[in-house]
Each structure stands twice: as structure tokens, then as C-alpha cells.
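Undergrad: Sharing a model prediction with you, sequence too.
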Amino acid sequence: MRYSALSILTQAFRGNRGWRPVWREPEPKPSYDVIVVGGGGHSLATAYYLAKNHGITNVAVIEKGYLGSGNVGRNTTIIRSNYLLPGNIPFYEHSMKLWEGLEQDLNYNAMVSQRGVLNLYHSDAQRDAYARRGNAMRMHGVDAELLDRDGVKALVPFLDFDNARFPIQGGLIQRRGGTARHDAVAWGYARGADQRGVDLIQNCEVTGIRIEGGRVTGVDTTRGFIGARKVGLAVAGNSSRLAAMAGLRLPIDSHVLQAFVSEGLKPLIDIVMTFGAGHFYVSQSDKGGLVFGGDIDGYTSYAQRGNLPVIEDVMEGAMAVWPGVGRIRVLRHWGGIMDMSMDGSPIIDRTPVDGLYLNAGWCYGGFKATPASGFCFAHLIARDEMHPVATAYRLDRFATGAVIDEKGAGAQANLH
Amino acid sequence: MRIPCPYCGERDRREFTVLGDADPVRPNGMDADAGAMFEYVYPRTNAAGPAREFWYHGSGCHAWLVVERDTRTHAINKVISARQAALSREQGGA
């Protein structure tokens, strides 16, 4: 069923009894051309673009829980392409362009909102660093604008501009950045993939990867063996566990990142505001809750929940930059498991096993990358060559030294 | 999360800083080839379950510790000093 104003109107007159399930729930076939492991945003996007761009429709997406039950439903919904390094900018800008046409492409309301992403600066040195970042972005055709103190004040007048430790001097804004409704992104891609013949198989956990003569032949699952000529892994958080089934050790540590939502409020902040110096960032959802977060907890974790010190740190950051939030109550918080790679950048590449492909290492920035990640991963699986905007995301870059260390933190996963 | 320091007793997690995986052993940089250094610096087991990590008790006794912790539950099974861990490794133990 195609969604339109007319379909909504027609259904309204029929008591909304005509809506159908958005995707099938098929039994797994004995084998597929391609299996994508993981039922999150990146894998559903991969399946969608395999079908749409490359005509490969004999595809299964295999998910251990329900679709969108991992990080695509546990993030803070921000989309942006304000990167500095050459390996990153074209990729994230490709993603931004896909976001801009996503809803029309999917015929699905992903609530993409280009409300602007503002990064605050507090010193001359930080201003210069942001000017450099903004220039790098503009040289790659990405929009960026350096705001002075008054420019920031016009957007978010309620911040503590004269904070003794971090007085606000200005900010770098990407006006095309913003937010998107995270679950709807997963659902939209799932629906689009299903309509093109992709089997979405839920409650089916991969327990092993079968390899014969150095070539992948399929996966063992809790619902039996499923054969495949090619297998793609897009299971951020659990990439190391899946890769270990194929005998691989990845340059990744899994870490927990916490996020928070406040009680519902009237419109209060109409941009995404980040306070990097104090490790706090915030936007407001359409439901009215402030959606905010900060740093990872710092120790390896698969628990999907964090500890109080980081919660305290995030709240302190919030109070430092925006004292008014002290009157607002936190409604809930949660944790997601991040693939923290050793240089802070992702991996989209072949593996030493023929027919086994890896999409991993998204750190805490995977959501904004969802469209381009699926787009490029599908390209790699279909054609066995990197997409031009993702050529830097090689698995062997750690051995060759061509790492993409956006933050300059070195080979220390929890510092990126 | 509270960490039982072998010198100070059970203390709040805020007193400690985590470094990461305690299992990779640094090769002798004068002898090791690039491959051996790569193996030390980058790939990680990243186990879902018991894992050994270096923690530093910066707001306490300043000792480096090896903490064995379950990454699925954050439960801590065992804490020894990093010095003791290194000595027992040199003696051929785990």
C-alpha cells in the first residue's frame, strides 16, 4: 500500500480498518543470494539498497530480536555531516543527501527535520579549530557557518553565556543537520525492502558462520541452517562476537552509551545544541521531551545499561551550559552498546573470508550514517568493490597506518 | 559499580580510571616486527562475559589493578594488583 494524503483520508472514512501489516513474516528459505545479519537501521538499509540499486532481491535480513530492537531505537536521532577528515566528509555528506530525499524515496514519514546542529565554542583556540572544520566542510560542498556570540544568542538565548569556566564565544552551525525519527527510519527501510521481496526474519539468532574452503556458505541460526553465497554483518555492538564466529578479531571494543529523555515540555529549543567542552548535547523531540546525552561510560560493556557517575556528569554538563534545565525532570534513560573502533571511524569492507562482509565500528555516530552505510555496504556486497565515498573505511587500515582518527585520540577505543 | 581494591577495600567507581583490556602483552619494541606490534595495539577479544581490564585507583592508593569483570552484568569477580598479575604471568601462570 502506498501512503498518501488520499490513503489517509480514505482510511479515515472507513474507520481505519483497511490498514495492512507493513511487512510479511516469512519462514526462512533454505538459502539466499545474500544474508544480512542484524535487523537494525544499517542492515535494513543495506537490504533495501541491494534490492533497489542492484536488483538483488533474494535476500534475507536475520535479526535475533525484533526489527529495530538495537541501537537504531536507542540513539538520540541526530543527523549531521560536520566532519573534518577527507575520508569522512564525503561519506557523511552522501548520507546527509540521502536523508534529504529519504521520505520521498521510501514513501514513509521518517520525520526528517533539518533544524540545524550547533557546536558551541568557548575559547579562541576552539573557535580556530571550528573555523578549520567549517572550512574543510565548505571545501567539500557541505554547509557550515561560524557564529559569534550574538549569533548564538539569537538561537538559544537561555544559555549561560558568562559561565566562569566555559563562557560562550560562539558556535559552528550546520543548518542542514537536524534530527530524524529513529524507529521510523528502521520501519521505512524494512517496508521498502519487504516490498521488493527481501525476507525479514525476526527472532532468529545467528549462532555460527559456516565456512568451507575459505568461503562462507551460510549461517547456523536458532531456526536452523540458512545457506547464502554472501553474508554481510551489520550488528554494531556485537560485531566482535559475530566476527569471532568466523575466526576474526576486530579492532573494536563494545562500550555502553547512555541517553536521556525529560518529561514532555512546550517548545523550548528548536535546534540541536552540543556543548562538547562539558560533554552534553540536547534537542527536543516532537513529543516535547528533551533528548540528551553525553559521554560513554568508558569501560567495555554488553549490558545495555550504564552507571550513575556518567549520569551525574551529563546532568552537571547540562546545568553548566543551561541552568534552566534544573527545573525539568528526567523521565527515563537507557543505554546502548557501541562498537568503539580503535580510530573512532567505521569499517565497511570485505573480510579475509570470501563472501563475508563487515559493516562495523560506528562508535556513537552510527544513526546519522544509516542511509549511506546501507548504500555503500550494498554496493560492496553486490559489486565486490568499495563505493567511492567509503574507500577509506578499510579493515586493514589499522595494519597499514591509514587510520581516520577524527579526534586525534590514538588507538584507545574509549577515548574516541 | 563498586570496585574492591586489594589495598583500600571496596570503593566507588568514581575513584578509578579504566585503561582497557589487560590481556595483550607488549612485545619488545626493539625486536618485534610491525605485525607483532599491530597485534598488540589494535585487535581485541572484546568478550561478552568475563574480561580482564586495567583500572587505575587514581583517587586512592594510585595502584594499577587487573579487574576481572563480567561485561554482560558488570559484576566483578576478582581484583589483583597489576604487579602481581605481571609477576604470575612471568612465572608462567595465567
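TA: Received it, and whenever you're ready, just let me know what you need.

Undergrad: ok, then the element right after the helix or strand in which residue A:316 is found?
TA: Residue A:316 is part of helix A:308-321, with elements assigned from DSSP states H and E. Downstream of helix A:308-321, the first helix or strand assigned by DSSP H and E is strand A:330-341.

Undergrad: and that following strand, average pLDDT?
TA: Averaged across strand A:330-341, the pLDDT comes to 96.

Undergrad: Can you give the strand pairings for it, parallel or anti for each?
TA: Strands that pair with strand A:330-341, judged by DSSP bridges, come out as strand A:252-264 (antiparallel).

Undergrad: check contacts around the residue nearest to residue A:91 when sequence neighbours are not counted.
TA: In space, and not counting its chain neighbours, residue A:91 is closest to residue A:389: 4.7 Å by C-beta to C-beta, 6 or more residues apart in numbering or on different chains. For the C-beta atoms, the positions are set from N, CA and C on the backbone; glycine is no exception. By C-beta atoms under 8 Å, 6 or more residues apart in numbering or on different chains, residue A:389 lies in contact with A:90, A:91, A:94, A:372, A:376.

Undergrad: Am I right that the last one is in contact with residue A:390?
TA: Yes: counting by C-beta atoms under 8 Å, residue A:376 does reach residue A:390; the two are 4.0 Å apart.

Undergrad: Could you name every residue contacting both of the two?
TA: Common contacts of residue A:376 and residue A:390 (C-beta under 8 Å, 6+ apart): A:91, A:348.

Undergrad: Name the residues of chain A found near chain B, please.
TA: Proximity of chain A to chain B is confined to A:238, A:240-241, A:244, A:249-254, A:298-303, A:307, A:309, A:342, A:398-399, A:411-414 under the rule C-beta under 8 Å from any C-beta of the partner chain.

Undergrad: Give me the subset of those lying in helices.
TA: Mapping these onto helices (DSSP state H) picks out A:240, A:241, A:244, A:309, A:398, A:399.

Undergrad: what bridges to residue A:218?
TA: Under the criterion used (DSSP bridges), residue A:218 bridges to residue A:210, residue A:227.

Undergrad: Quickly note the distance from it to residue A:226.
TA: Residue A:218 sits 5 Å away from residue A:226, going by C-beta to C-beta, to the nearest Å.

Undergrad: Okay, the residue lying closest to residue A:400 once chain neighbours are set aside and residue A:215: tell me how far apart.
TA: Once flanking residues are discounted, residue A:400 sits nearest to residue A:394: 7.9 Å by C-beta to C-beta, 6+ apart. Plainly put, residue A:394 is 21 Å away from residue A:215 if you go by C-beta to C-beta.

Undergrad: Looking at those two, which has the bigger crowd around it?
TA: residue A:394 (19 against 13; other C-beta atoms under 10 Å in any protein chain shown).

Undergrad: ok, that one - contacts?
TA: Taking C-beta under 8 Å, 6+ apart as the test, what residue A:394 contacts is A:347, A:349, A:386, A:400, A:402.

Undergrad: I'd like to know which elements the helix holding residue A:316 is packed against.
TA: strand A:252-264, strand A:272-275, strand A:280-284, strand A:289-300 (3 or more C-beta pairs under 8 Å, 6 or more residues apart in numbering or on different chains; DSSP states H and E).

Undergrad: Kindly reformat the ones you listed as JSON lines containing distance to residue A:153.
TA: Shown next, in JSON lines, are the helices and strands packed on helix A:308-321 (distance: least, C-beta to C-beta, whole Å):
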{"stretch": "strand A:252-264", "distance to residue A:153": "23"}
{"stretch": "strand A:272-275", "distance to residue A:153": "13"}
{"stretch": "strand A:280-284", "distance to residue A:153": "17"}
{"stretch": "strand A:289-300", "distance to residue A:153": "20"}
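
Undergrad: mind putting those strands in CSV, mean neighbour count included?
TA: Output for the helices and strands packed on helix A:308-321, formatted as CSV (neighbours: other C-beta atoms under 10 Å in any protein chain shown):
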stretch, mean neighbour count
strand A:252-264, 22
strand A:272-275, 25
strand A:280-284, 24
strand A:289-300, 23
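
Undergrad: which residues touch residue A:251?
TA: A:341, A:342, A:343, A:361, A:398, A:411, B:42, B:43, B:44.

Undergrad: any idea which of these is the one closest to residue A:382?
TA: residue A:361 (21.4 Å; C-beta to C-beta).

Undergrad: Quick check: the gap between that closest one and residue A:369.
TA: Applying C-beta to C-beta, the value for residue A:361 to residue A:369 is 11 Å.

Undergrad: what sits in contact with each of those two?
TA: With C-beta under 8 Å, 6+ apart as the test, residue A:361 and residue A:369 both reach residue A:346.

Undergrad: can you give me the helices for chain B?
TA: B:34-41, B:82-90.

Undergrad: Could you save the ones you listed as a markdown table and add columns showing mean pLDDT and distance to residue A:183?
TA: What follows is those, written out as a markdown table (pLDDT from 0 to 100; distance: least, C-beta to C-beta, whole Å):
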| stretch | mean pLDDT | distance to residue A:183 |
| --- | --- | --- |
| helix B:34-41 | 95 | 38 |
| helix B:82-90 | 92 | 44 |
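
Undergrad: need the contact list for residue A:268.
TA: Residue A:268 neighbours (C-beta under 8 Å, 6+ apart): A:284, A:290.

Undergrad: Relative to residue A:344, how far out is residue A:398?
TA: For residue A:398, the distance to residue A:344 - C-beta to C-beta - is 12 Å.

Undergrad: the more surrounded of the two?
TA: residue A:344 (24 against 20).

Undergrad: That one against residue A:416, yeah?
TA: Yes: between residue A:344 and residue A:416 there is a contact under C-beta under 8 Å: 3.1 Å.

Undergrad: in stretch A:72-87, what's buried?
TA: A:72-84, A:87 (16 or more other C-beta atoms under 10 Å in any protein chain shown).

Undergrad: can you tell me which of these lies nearest to residue B:26?
TA: Lowest distance from residue B:26 to the buried residues of stretch A:72-87 (C-beta to C-beta) belongs to residue A:87, with 28.6 Å.

Undergrad: List the contacts of the least confident helix or strand in chain B by mean pLDDT.
TA: Ranking every helix and strand in chain B by mean pLDDT, DSSP states H and E puts helix B:82-90 at the bottom, with a mean of 92. For helix B:82-90, contacts defined as C-beta under 8 Å, 6+ apart pick out B:22, B:25, B:52, B:54, B:63, B:64, B:65, B:66, B:94.

Undergrad: what about the residue in the stretch 51-200 of chain A that chain B sits nearest to, distance to residue A:204?
TA: Closest to chain B within the stretch 51-200 of chain A is residue A:64: 12.9 Å, counting by C-beta to the nearest C-beta. According to C-beta to C-beta, residue A:64 stands 7 Å off from residue A:204.

Undergrad: tell me, what's touching those two both at once?
TA: Contacts common to residue A:64 and residue A:204, judged by C-beta under 8 Å, 6+ apart, are residue A:222.

Undergrad: what's the closest non-adjacent residue to the most centrally placed residue in chain A?
TA: In chain A, the centroid-proximal residue (C-alpha atoms, centre = their mean) is residue A:367; its distance is 1.5 Å. Among residues not flanking residue A:367 along the chain, residue A:75 sits closest, at 4.2 Å (C-beta to C-beta, 6+ apart).

Undergrad: what's the answer for residue A:286, then?
TA: Using C-beta to C-beta, 6+ apart, the nearest residue to residue A:286 is residue A:111, at 6.6 Å.
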